[in-house]
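K.L.:
my questions concern the predicted model and sequence given below.
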Amino acid sequence: MLCTQIHIGKKPYPLYMGKDLIVKLDSLLSSYIQNRFVFMLTDENVFNHYGKTIIDVLKNNGAKFDHFIIPSGEESKSIDNYRKIIDKLIDEKYNRNSVLIAVGGGVIGDLGGFVASTYMRGIDMIHIPTTLLAQVDSSIGGKTGINYERFKNLLGTFYHPKAVVVDTNTLNTLPNREFIAAFGEVIKYGMLGDYDLLVDLDKNYVKYLNRAIDLDKIILKCIKMKEQIVIKDEMDFGLRQTLNLGHTFAHGIESSTGFNKFFHGEAVALGLLLAANLSFFLRLITVDYYKFIKKIIYKYYSNLFEYKFNGEEILKSMAMDKKNKDNYITFVLPTDKEQVKVFNNIPTEIIRKTIVEVNYGFSCK
């Protein structure tokens, strides 16, 4: 087992990573939950795999224990579910000394973090990410959020956990599509600051798709890259915005399709493709780098290349993005290998043109 410190927020917190950690939660988390009220938030799929084990293990610590199960999927990150969870906490008399444990993917982590940060002005929380996307990205950094109507993460806070437990064995129970979807975020990190990672993803894509390579090194690499960025800009006023590479388009795609057509990582992969196309259109990147990015994305997501974008709906959704400034849509775009830049002044017609080009091009097939 690896134990390292994440130096974000007012106080560093531990990251535990290894195999079979779920059955060791009682010892790993003892100092955080002993004789306290513990509330587990998870979704129905994760509960079916790990719920009974976690309940049995954590009850050994003398804690009052309860749990709440929501349906799987992005649509569950809603005000309705937020209200139901708060009502449950109130009904069961959970107090400020309580601990919320979020067990699941990005939806559970975002929703659980939002609940923990707002219930009684903040209770302790622990992340146990069970998906590859949550392990490489969303469980680290302190962003919480829920969707409001068609708008992605419109309501949210910054709130850090007391600990993160990454049990890499949970990846074995992920459906194949959900497992592959997470590579959209991994490709993002390669574009942000690790060209060798992109080369590795390109060269070994068959092995990665077939789960024939241990992912511990990639998970830790992405976590540490995110940590170094967030340390310098915790509240998202500057450098941290670069972590949104591909995400402006991705959120537009998710919102315009009702949050139920794509996994988040798939939307990020399409967003990276659109961002690279926009960069190439603006002559920010070379044709060789543009083709390389497209080739990698196609290797992992060839099935998505049948999708046809509704450009106007995507534009409408992106216009409501909370990162926008002065009536311009904010984009993070690649400008070279391992280099990106934030842009706030790209005319709508150019954005529309690049969406149309990708929609009817997909020239990397």
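P.N.:
Okay, I see it.
K.L.:
now for His7, how many residues are close by?
P.N.:
His7 sits with 12 neighbouring residues when counted by other CB atoms under 10 Å. C-betas here are computed from N, CA, C, even on glycine.
K.L.:
helices or strands up against the one helix or strand Lys295 maps to?
P.N.:
In this assignment (DSSP states H and E), Lys295 forms part of helix 287-301. Helix 287-301 is packed against helix 183-193, helix 195-203, helix 205-209, helix 264-281, strand 331-336, with contacts defined by 3 or more CB pairs under 8 Å, 6 or more residues apart in numbering; DSSP states H and E.
K.L.:
quick one, domains of the protein?
P.N.:
Domain assignment for the chain, taken from automatic domain parsing, gives 2-173, 176-360.
K.L.:
a markdown table for the ones you listed, including mean pLDDT?
P.N.:
Formatted as a markdown table, the domains of the chain follow (pLDDT from 0 to 100):
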| stretch | mean pLDDT |
| --- | --- |
| domain 2-173 | 94 |
| domain 176-360 | 93 |
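K.L.:
may I have the phi/psi pair for Ile140?
P.N.:
phi -110, psi 140 (degrees, to the nearest 10).
K.L.:
can you start the count at 13 instead of 1 from here on
P.N.:
Sure thing, new numbering starts at 13, so read that last one as Ile152.
K.L.:
tally of neighbours for it?
P.N.:
Applying other CB under 10 Å, I find that Ile152 has 26 neighbouring residues.
K.L.:
could I get the contacting residues of the residue nearest to Met330 when sequence neighbours are not counted?
P.N.:
Of all residues not flanking Met330 in the chain, Gly264 sits nearest, at 4.0 Å (CB to CB, 6 or more residues apart in numbering). Neighbouring residues of Gly264 by CB atoms under 8 Å, 6 or more residues apart in numbering: 283, 326-327, 329-330, 333.
K.L.:
sorry, back to before: how far does the helix holding Lys307 sit from the chain's center?
P.N.:
22 Å (CA atoms, centre = their mean, to the nearest Å).
K.L.:
which SSE is immediately downstream of that helix?
P.N.:
helix 323-330.
K.L.:
got the buried residues for that following helix?
P.N.:
323, 326-327, 329-330 (16 or more other CB atoms under 10 Å).
K.L.:
one more: stretch 15-35?
P.N.:
18, 20-21, 25, 27-30, 33-34.
K.L.:
how about stretch 332-352?
P.N.:
Buried residues in stretch 332-352 (16+ other CB under 10 Å): 332-333, 335, 341-346, 352.
K.L.:
for Ile363, see how far away Leu183 is.
P.N.:
Distance of Leu183 to Ile363, given as CB to CB, to the nearest Å: 36 Å.
K.L.:
comparing these two, which residue is more hemmed in?
P.N.:
Ile363 (23 against 18).
K.L.:
who are the packing partners of the one helix or strand the more buried one maps to?
P.N.:
Per DSSP H and E: Ile363 is located in helix 360-372. In terms of contacts (3+ CB pairs under 8 Å, 6+ apart), helix 360-372 is packed against helix 276-293, helix 323-330.
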